[in-house]
Every structure is written in C-alpha cells, then in structure tokens.
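got a sequence here, can you build the structure:
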Amino acid sequence: MVKITAYGVRRIEVDYFKELNTHDYELNLVPELLDHENVTAAQGSTGVLLRGNCLGDRTNLEKFKAWGIEYVFTRTVGVDHMDLAAAKELGLKVARVPAYSPYAVAELALTLGMTLFRKVAPEITNTHNGNFKVLDHYFSKEIHSSTVGIIGCGRIGSAEGELYAGMGATVIGYDPNSANPHQKNGIPLVELSELLAKADIISLHVPLIPGKTENLIDQAELQAMKQDAILINTARSQVVNLPAVNWALANQVIGGYGADVVVGEAQIFGKEFDHLAELPNQEVFQLSQHFPNAIVTPHVGSFTEPALKDMINISYQNFATTIATGTCPNAVI
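The predicted structure follows:
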C-alpha cells in the first residue's frame, strides 16, 4: 500500500484528507510543519506531502532519500520552501498544485483592501474601546468611483479584478509576462509607473522570482503611489521591501498596508506570543506598531473549503499519476 505522510495538516483539515482519499492511501497526518526534529515521522512512507513554510531543505531531503522516499510533493503553488537543486541532485520527484480556487486569495485580498480603504479597522478599534465619535480620518472615498491596480493578472489577480469591477471600480493591471501588452484576462494593462500613480488600492499577485520580483515594491515605488493609497500583499513577503513599507507608513507616504505574508513567517505564523515584542522579526514588530492602518493575517488566503479540496485532490492525483507513469503534468522536477 502507498503510504503518504502529510505535514502541516490542521485539525479542521483531517476529515477532508480522509474523505477525499479515493486512492486508499495509508495516511500519516502530521499537524506540525516539517522541521529537522519531526522529519523522522516520514520513515516508512512512499511519499511526503508538504505545505508552505515546511522545511524542505537539503538536510531533510537527504533523509527522505536515505529512507527510500521518492516523492516529495507540496500542496501549494509556490515551491520556494523546497531546495529544488538538492531534490534534483538526489533524484527525488517533486510536484506541486499549480492552481486552486482563485477566489480564496482574491476574496481575502479584497477584504483587506476594503477594510483599509473604508477605514473599518480604526473604526472598530475605537468603538470597541467605547469611542463612537465620527472622526475626521474616517472620511473615505467610494470604491465605485476609484481605481484598483492589480500587479500580476493571472488567475488570482484577475479574479480579484473581477470582484472589484463588479463593485464598479476601474481596474487596471501590470503584468510584464503577458503575451498581450494591452490586456490580460480582461484587465487592461498599463506601465507600472502609471498604475502606481493612478490606483487607490494596489494588490500584489506575483510569484517570488529572486532578482526579478524581489523588492518589486520598494521606497521609490511607495513614493510614486497616492498619499492615501492602500497596498495589499497576499503574494510573497519578499516582493515588498518591508522596511520601506514601515518608513512609508510612519511618514504617511501611503494610506495603509495589508498583508497575508510576512518575512520569516515560519517563525511567526502558527505560533502564539504573549506580547508583540516577542516577535522574532523586528520588521514585523514595527509593522504591528502602525495598527490600525496596517493589517496582517496569518497566511490564511487559501484557508477555504474549495481551495483545500482542490489542494488535496490535485495532490492525491499527482501521487497516483507519478507512481503509475513516472511523472505528472504538475511535476516541478
């Protein structure tokens, strides 16, 4: 029987892993993310299934190889948590989930954007503290007469654009990888400089490509934005220079920042701290000091039922196809 060890399986996800197991795999569901200590849980497995922030480094991959594990897959789109060069050298097969429900992340990005755009965060904070005054800084534009800029107009970015367009907003995009320089997935494309200058909300949906999308939004880009513009990052933390964002918030260069990703999130997300000062990353701690015009969620963009089902079903099929044929359409190596 094929035995699959899946890491980072939350309690609420267990029943889905079992109910969708039409291939009758023997499942070993590990609640914690893969690290150097719990790697031994995979011994005796045919394959391993990771999720974001699992430690798929050379050390763990070498152990998998030594134990006869051939398949090290991830149930995520991104693979930056895995040492692909080491996996290739070791002869391991790697596959991913190239897409799941695009509305999962798109809806969260829109929610973050609208929460900051309509000043809901400070309003809730104050009313919960007993202050029901209508303060001047609650004054807001309306989304139907505003412009939303989508950076990265793939499935998720275009889904968010569709949602905003349904609310009456003007949607523009920037995507240098588009085959058509004028539009992608129905979103009219402009140069990045134009998008930064025009957009009231800017939402990022680009992959992390070192040397290309790393620090795509830096101090110069932040200064090119409207003073009350909202920046949303549900992509990867490294596409935004977080120290520059902290500077922009502190100096009122932009109106707000919302993120579902942070630097060094493996040491932060999934943990509970008694005090914010205990955060191991000073940049994230500084970001929290800008509340309520800085909102951080704990990487929950894909934490919806449709997205989870897609991730599990596609991962199971990746194993079935690769075991049967030696490869699959979603192979990374």
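
care to break the protein down by domain?
Here the domain assignment for the chain is 3-100+304-325, 102-296, based on automatic domain parsing.

average pLDDT for the longest one?
Across domain 102-296, the average pLDDT comes to 95.

which stretches in this protein count as strands?
All strands of the chain, identified by DSSP state E, fall at 3-7, 26-30, 47-50, 71-74, 147-151, 170-174, 183-184, 187-188, 201-204, 230-233, 256-259, 294-296.

packing partners of the second one?
When contacts are defined as 3 or more CB pairs under 8 Å, 6 or more residues apart in numbering; DSSP states H and E, strand 26-30 packs onto strand 3-7, helix 14-19. Placement of C-beta: from N, CA and C, glycine included.

for the strands of the chain, give me TSV that also has distance to residue 98 and mean neighbour count.
Putting the strands of the chain into TSV (distance: least, CB to CB, whole Å; neighbours: other CB atoms under 10 Å) gives the following:
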stretch	distance to residue 98	mean neighbour count
strand 3-7	18	23
strand 26-30	23	17
strand 47-50	15	28
strand 71-74	11	26
strand 147-151	20	27
strand 170-174	21	23
strand 183-184	17	18
strand 187-188	20	18
strand 201-204	19	28
strand 230-233	21	29
strand 256-259	23	26
strand 294-296	27	21
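
follow-up on the earlier one: what's the closest of the domains of the chain to residue 333?
Checking these against residue 333 by CB to CB gives domain 3-100+304-325 as the closest, at 4.5 Å.

may I have the distance across that closest one, first residue to last?
Using CA to CA, to the nearest Å, one end of domain 3-100+304-325 lies 18 Å from the other.

check stretch 71-85 too.
By CA to CA, one end of stretch 71-85 lies 15 Å from the other end.

ok, now stretch 194-206?
Start-to-end, stretch 194-206 (CA to CA) is 18 Å.

repeat for stretch 240-255
16 Å.

equivalent analysis for stretch 49-61, please.
Stretch 49-61 has its terminal residues 12 Å apart, counting by CA to CA.

buried residues of that stretch, list them for me.
49, 50, 51, 52, 53, 54, 55, 56, 57, 60, 61 (16 or more other CB atoms under 10 Å).

tell me the one among those nearest to residue 113.
The closest of those to residue 113 turns out to be residue 52 (CB to CB; 22.1 Å).

contacting residues around that closest one?
Neighbouring residues of residue 52 by CB atoms under 8 Å, 6 or more residues apart in numbering: 8, 74, 76, 78, 81, 299.

hmm, which of those is lowest in pLDDT?
Among the contacts of residue 52, residue 78 has the lowest pLDDT, at 87.

OK, contacts around the residue located most distally from the centre of the chain?
What lies farthest from the middle of the chain is residue 133; by CA atoms, centre = their mean that is 35.8 Å. Residues in contact with residue 133 (CB under 8 Å, 6+ apart) are residue 126.

if I look at the residue lying closest to residue 261 once chain neighbours are set aside, how far off is residue 218?
Distances taken as CB to CB, 6 or more residues apart in numbering place residue 237 nearest to residue 261, at 4.3 Å, with adjacent residues excluded. For residue 237, the distance to residue 218 equals 14 Å [CB to CB, to the nearest Å].
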